[in-house]
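>>> Whatever this is, show me its structure:
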Amino acid sequence: MRWILFFGAAMLVGALGGSLFGPAPAGAVAREIIELQTGVTQLIQGQQNMQTEITQNAAVQKTTQDFSAAWCAPGHDGHAGPRPFG
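Numbering: from 1, shown residues only. Purely as a prediction, here's the structure:
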């Protein structure tokens with residue numbers, strides 16, 4: 001009889017410990033998944049924004065270099081830059 005009580009108490013303690021240290025309830029897991037998805041979405045959006053900004057900066061830099069090269073190219077009269085009006 002004593003062994004039955006001992007095993008019964010051990011099973012009760014095991015069940016309580018399992019519920020305390022077991023996996024989180026489904027609601028908490030779903031909330032964490034949603035938070036992770038939101039974080040990943042924000043990360044992807046930030047990466048896309050940075051890529052757009054890099055592309056725009058590269059286009060501005062190329063335009064500036066092209067303009068500078070055209071402005072500094074020697075004219076027919078030998079001086080640098082475009083010929084003055086007149």
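>>> Would you mind checking the average pLDDT for the strand or helix carrying residue 68?
Assigned by DSSP states H and E, residue 68 belongs to helix 26-72. Mean pLDDT, computed over helix 26-72, is 89.
>>> Residue 62: neighbour count?
Look at residue 62: counted by other Cβ atoms under 10 Å, it has 10 neighbours. Placement of C-beta: from N, CA and C, glycine included.
>>> what's the distance between it and residue 72?
Per Cβ to Cβ, to the nearest Å, residue 62 is found 16 Å from residue 72.
>>> same thing with residue 26?
Separation of residue 26 from residue 72 (Cβ to Cβ): 68 Å.
>>> could you measure residue 7 against residue 31, distance?
Taking Cβ to Cβ, one finds residue 7 at 38 Å from residue 31.
>>> picking up where we left off before, which elements pack onto the helix holding residue 68?
Of the remaining helices and strands, none touches helix 26-72 by 3 or more Cβ pairs under 8 Å, 6 or more residues apart in numbering; DSSP states H and E.
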